[in-house]
Structures are given as structure tokens and as C-alpha cells.
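Got a sequence here, can you model it:
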Amino acid sequence: MTEKYYTLGTHTSEQWVELHAELIADGNTYTSVPAREITVEDDRLHSPTTGSYLLTLEEATELQSDERVKFINESPEKYPEKFMPPSEDMTCATSGTPTDRYTALYNNWSQWVNSNLGIYSFFTDVEPTLNRQGTFFRFLSFVKPNHYTVGKTNPFNTPKLQQAGAGENVDLIVPDNGCWLGHVEFISSGVTNAVNPDDYIGSNVLPGNGYCDVLDLVLDAPYYIDPNWFNADPTNRLMTRWDGTTVPVDSVARSWWQDSTQRSALFAAFGNIPVSSNYTRDTANGSNSTLPSSGTHGTQCAALAFGRTQGWAYNANKWVMNLYGDNNVGSLDIGIDVQKIFHMHKPVNPIYNSKDPTVSSNSWGIRKYKQGNYYYWRTDSPVSYTQITEPAFIDVLGSKGDGGRFKSELKDSSLTQAGNELTQAGVICIVAAGNSGQQLVNPDHPNYDNSISLNTTTSLYLRNFWETDGYRSIGTTNRRGFPGHMGKTESQTFQGNTTVKFPVIQVGALESNTGSNNERIADYSDRGPAIDLFSSGAGAMAATVDTYSASSIPTIQRVDGVYSALSAGAIDLSQIGGCRDTEFTGTSAACPVAAGFLASVMQYNRDWTYENLRTWIETNVTSQSNPTMYHGVEPTTPTDMNWLYEYYSSGNLRSYSNASLQGAPSRVLYNAIIPVSTAYGVQVGDPPAAPGPYSISGPLTINGLTFSLTT
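The predicted structure is shown next:
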């Protein structure tokens, strides 16, 4: 019989040890376990409950019936064509004392618009204003600022933007479809006409004093985690990146993940992470003279998270990873595992005597076009429907954005297990809620079990609905999708179960073009009680990979669009428009904007878990009331027209479609008070203190050492 690679997981680590021993033994008598000795493909030492094995379909089916088995699926890293959706299906696009960000005043706009010369007037459409950006200015106040207007001819007339931190000593990861590291937004020196924030630091955490701020998690983190291994043979293991940073050779970095013998013994225990051998700097990141093979979406997300002019966390430790673009890391599972291993094994920051917090900004999600023959509304009784007769709560899914797609809770799999372990390890995961206009609710809401299905059965978890060819979905219409439900504490949650926890922060998008009307969410944004907060997301300006092209999305050439290092490159990007910006809209934009801000919260509270961060959000980022923010009417029946649009009190149809919160907290991220629970060199509970002054009383004799004292 034909064998395939399968990954299975158990409910507990004890069960995995027991079952693993049975699988690798010969002559088993258990009906659910093959009698023959099974080949171990990957024992996944970094995971206490999962492993990969070479099995027949019949053996895998039998194992599924074993009560110890939580899930079993074909191995995503072996069959990426089945498990990795197309990249276009993954994007979600459509207290210290505050100090001035800049010494000078700069005009900013709430929404990106192209020049009045015409949408395709690229040659003449050169943005004349430095640091043109508007997403941050919503952070200025609790309610929408009076100057939050729209248009290139209506810039903000505001005081200087103030912020209490820029993500210092926090690792901020943007896993996406790649990122062009050669864009001026990530370059710290040599940029023509650059004006940086007054406290901008620049550079990265690796040696070499490189002028690019951003590092790749797959190719550069191994040297950060395990410097002794690379320094032991620098000639063969290290190289100088185009910006001067000392980094691992691509193949050596990949081997560090793939083979536990190709790293220090100290880090051998987490086993092998099978990152793709196709993962390279050229394809994932590009350079000062080349563009990556994909990465427009990832470049935009990274710019809004930690770009030197477009990001809030411009002083964070900046990391990117090609999670799902061309020549990606290998699978979503692997990309999540890489982040977990990085968080668990990175070095201690000597300033604080602790590891830096890790924040992951996720502007991607698994969705599917609507399909089904039956729907379930708050009961187990199925109702037959067709595309013509579908009720409003199904009709609304993806109708305002996301091309008609929607998200649903995934069944247990190697992917959900990887997500569980990522959150359990302590990574703070910020997630784009999605652009499907869905109401996302918690288990205590009556809509929690609403679903669509291809069959009829009383058990929600036995209904058939495929999210992708690889990962299966239960077809829910009002639950979080993935990665929004990473780390949920029970595999089969049910309506009314208030003990379930979802250790991610979900971000919805605000509408920017509100004029004099009250604030509202974007009509495509997901909403409902499961959304933690809303952030600027519509019409943001963000760095882009795109250069001049009459068929591309309109872009604008930056005043600081070139830098001196380009002159030595194989391609002089200034000849094709230099570095450019473009409009970026959707919860994909709102997520990194929020992640950058929340990284600044974590820099003052380094030991916080997601629960602490969510408590801060719920306590300090208080909800707005009508009329400062439009709330709308929450629908109560499957055919309620409030799913589709809203009305003014006069009864006239609203001019801005469906902006109802549908039970979501009217909570917009802004410059709320940030507590300080950790400071330099002290532990939580000790009184906050700045470092120094220090004194040494003699006599003191030191021979043969070079040292320095800093405060």
C-alpha cells in the first residue's frame, strides 16, 4: 500500500510518549496502532505532543479512532501544494512621558489619495511632503480628532505627534509574504532628504553596523540565538550582507534550522525544523539593488509596524519572515514553529536581565468562498438554502470586502497545534480580524454556533466544510478564523462556555473618510464582541515593492526615495521611480499599526502575558458612546436586514453602508496611560529606577581586560 507522511498529535505529552513508543515497536496488538514498526519522519522535539510518521491511509484512519489522538493530517511541509493557499488568498488587505516624535511640524493626511493630476500620472505625481502619514494621528485623543479629515489638500493642522516609546527592546515580527528590505523606510543612513524621528536609533541587533534596520527571522535569527556556532567558523558560516550587517550564509542558516547537528549542542534539543531550501535572501528580502520575488503586502505591513517614518515602533528589534509568499518558509506550521523557537531560545537582554518580549503582527488569514446546502441558526435544526435563497447573515459574508470569502473555525490539526504552542510559549499575537464584514462572537453569544454545511448532522464537529484542501473547517459563520483562534483552550468549544480563552488580540479597521460625521468602522471590517479594538486602517500610506507600472496600483515617489548605496547596485532604482509609497487599506493595515503601538506598551511591561495586555486594553482603551462613534443595531434573526445595511434615525438609507459594530466594543486604540512595571535591571515588584549612578570603591586591579561602563 502507498505510504504518505502524516503528522499526528495527542491531547497530552504523556499520551504522545506512550503512543510514540507503540508506533516504533514491532508486533503491536492494539487495534488502532499498526502492528509493524513505523518509520519516524520527524519526532518534533520542540513539540511535546506531536510527531510525523510514514503511514498508509488505512493506518492513519485507524489511528484517528485512538482516543489519545487529537488530530492526524498529512504533513504540510511534505505537501505544501495542498496546504499552502495562494498568497492572494492569505492577505487581509483591502507609561513613560510622551515626547515629540519630530522637532519640526509636518503636514499629514488621514487617507492616502493620488495627486489631482490623475490616477496614472506617475511621472508627475511626486509627493512634495516629507513624512506624509496619517495613521498615527488617530492616536492623539480618545475620540476622533477634529482635524481628522480626508484629502491631499486638507492636511492635519496639529501640534507635534507625541508618543511614549517606540518599541525599544521588543522583538516585533511581521510574518507575511516577504518584505523588501532595500526600501528607504528601513534604511538608517545615507537616505537623501531623510528626516527621522528625534529619538530614532537605527541599525539592527547583529554585528557590522549595517544600515538596514530589518532582519529575516529564518536567515538571521540563528546568528542572534547561537553566535558561538557561527563565530567558530566565520569564513564558511558568515557573510557580509549588502548593508554591512554580518549575517549567516543562506545555506548555513537553513541547515541550522533543519539539522540539530549544525548548531551548538545547547540548542540541539528542539530537534529539526524543516524550513524550505528555496528560502533565500534574494527571493524573500531583495536588497539595495534588487526586488524580492514577492512581498508587496509584507513590505506595507512592516512599514506600518516599524518603519522609520510610517511605523510607531521604529526602535523595536525588527524581524520579517516570508510565511506564505513565493519561495516561502515551507508551510504555515513551520513559520509558526520558527517564531516559537526564536522566542524560547533568543538571548537574554543584559539591560533587563530578561529576554525581550516578542510581538507577532499577523495580517493574514485562512478563508474560503461560501459553499453549503444547509445553514444552522442558533439551533441544531438544519435549513436548506441555495445561493438565491440564502438568508442575510450568509449573504453579508464577504459582500463588502474579501471578494466574497469568509473565515471559519478550523478543526484540530498540526496547524492549530502549532498556533497553540506559539501562544503558550508567550508570544504576543496581534491578528487582523478580517475584511469579510463578519460578526465574530464569543462562546457566550447566541450566534456562536451558527454555521453552514454540506451535510446534516447534530454534531457541529462532524459537519463537512473544507476551508482549504488541507485544513478542514467546521463551517461556523460567527466564530474566529485562523489565526484568530490560535491557542483556544478547548478543541470543541460550545455556546455558553465562558471558560474558553483566545490568547490573541484581534484588530478591526476604522473608516478614515468620515468627514464631519461620527466615527465608524470600515464597512468591510469584521466586527462583533470578539474584536478587541479598532485601529486606523483605511487609506493608509505605506512603503511598497511596486515601482512605476501603468498597470499597477497607483504609487507615489518619495522625497527621500533614494539613498547613496544604490549607486553601486546592479539596478539603480532611482531610474524606475526610486522607492515609492502607495495606499494600503484593510484590517491588514490596521493590524501592524496596532501592533507597533502595542509593542510600545510591552516595552514598559516586559513580563506581561496576552491576558495582561488585553486587560490593559479593556481597562484603559475605554469604549466610546454614541454619537462620537456609530454603534448601529445588532441583528437578531437570520433574515434581519441589519446584517446588510443601516438606517439614519430619519429612516433614510445610510450613505456609508454597513458600519454597525454588531456588539463589538467601540474601542479605538489611542494614547491611553501606559503603566510601567519593569525598568532597567530590576524585576517586577521593585521600585522603578533608572540605571546608575554607579561607584566602585578600591583597591581594584584588572589585568589583561578591556571593559567599559555605561549608564
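
pLDDT score for Asp523?
pLDDT, Asp523: 87.

Can you report how many residues lie near it?
The number of residues packed near Asp523 is 22, by other CB atoms under 10 Å. Placement of C-beta: from N, CA and C, glycine included.

cool, and the one 5 residues further on?
The burial metric for Gly528, expressed as a neighbour count using other CB under 10 Å, is 25.

Next: Thr498.
8.

Please settle this for me: is it part of a helix?
No. Thr498 is assigned coil when assessed by DSSP: H, G, I helix; E, B strand; the rest coil, not a helix.

tell me, how many neighbours does Gln495 end up with?
Gln495, neighbours per other CB under 10 Å, totals 16.

no, scratch that, I was asking about Gln371
13.

Quick one: residues contacting it.
When contacts are counted by CB atoms under 8 Å, 6 or more residues apart in numbering, Gln371 touches 452, 454, 465.

Show me this structure divided up by domain.
By the record's domain assignment, the chain is partitioned as 3-75, 91-711 (automatic domain parsing).

Show me the contacts of Gln371 that map onto strands.
Per DSSP state E, strands hold the following members of those: 452, 465.

Just the buried ones from the contacts of Gln371?
452, 465 (16 or more other CB atoms under 10 Å).

And the helices in the chain?
13-23, 57-64, 80-83, 221-225, 227-231, 234-237, 250-258, 281-284, 296-306, 332-345, 392-395, 414-424, 587-603, 610-620 (DSSP state H).

before we move on, the earlier item: nearest to Met602, of the contacts of Gln371?
Met602 has its nearest neighbour among these in Phe465, at 36.6 Å by CB to CB.

Ile24: how many residues sit nearby?
15.

Return the residues in contact with it.
So Ile24 contacts 37-38, 40 (CB under 8 Å, 6+ apart).

ok, 10 Å please
Shown in contact with Ile24 (CB atoms under 10 Å, 6 or more residues apart in numbering): 37-40, 43, 51, 53.

And Leu598, by the same measure?
Contacts of Leu598 by CB under 10 Å, 6+ apart are 167, 170, 172, 312-313, 359, 361, 428, 430, 505, 507, 533, 535, 613, 616-617, 669.

The helices of the chain: lowest mean pLDDT?
helix 80-83 (a mean of 78).

Quick one: distance of that helix to the chain centre.
21 Å (CA atoms, centre = their mean, to the nearest Å).

cool, and stretch 410-417?
Using CA atoms, centre = their mean, the offset of stretch 410-417 from its chain centre is 18 Å.

can you give me the end-to-end distance of that stretch?
Taking CA to CA, to the nearest Å as the measure, stretch 410-417 stretches 11 Å from start to finish.

Stretch 618-637 now?
End-to-end distance for stretch 618-637: 29 Å, by CA to CA.

and what of stretch 443-463?
First-to-last distance for stretch 443-463 - CA to CA - comes to 19 Å.

Average pLDDT for that stretch, rounded please.
88.

Which pLDDT value goes with the most centrally placed residue in the chain?
Central residue of the chain (CA atoms, centre = their mean): Asn362, 1.4 Å from the mean position. In this model, Asn362 is scored at 98, pLDDT.

Give me the nearest residue to it, chain neighbours excluded.
Nearest residue to Asn362, sequence neighbours excluded (CB to CB, 6 or more residues apart in numbering): Val431, at 4.8 Å.

go on, Glu168?
Asn315 (4.8 Å).

Quick check: pLDDT value at the one you found.
Looking at Asn315, the pLDDT reads 96.

Repeat that for Pro98.
For Pro98, the model assigns a pLDDT of 60.

Ok, which of the domains of the chain comes nearest Phe83?
Comparing the domains of the chain by CB to CB, domain 91-711 comes nearest, at 3.5 Å.

on that earlier part again, now render the helices of the chain as JSON lines, adding distance to Ile187.
As requested, the helices of the chain are arranged in JSON lines below (distance: least, CB to CB, whole Å):
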{"stretch": "helix 13-23", "distance to Ile187": "46"}
{"stretch": "helix 57-64", "distance to Ile187": "50"}
{"stretch": "helix 80-83", "distance to Ile187": "33"}
{"stretch": "helix 221-225", "distance to Ile187": "20"}
{"stretch": "helix 227-231", "distance to Ile187": "25"}
{"stretch": "helix 234-237", "distance to Ile187": "26"}
{"stretch": "helix 250-258", "distance to Ile187": "22"}
{"stretch": "helix 281-284", "distance to Ile187": "16"}
{"stretch": "helix 296-306", "distance to Ile187": "12"}
{"stretch": "helix 332-345", "distance to Ile187": "24"}
{"stretch": "helix 392-395", "distance to Ile187": "47"}
{"stretch": "helix 414-424", "distance to Ile187": "30"}
{"stretch": "helix 587-603", "distance to Ile187": "18"}
{"stretch": "helix 610-620", "distance to Ile187": "31"}
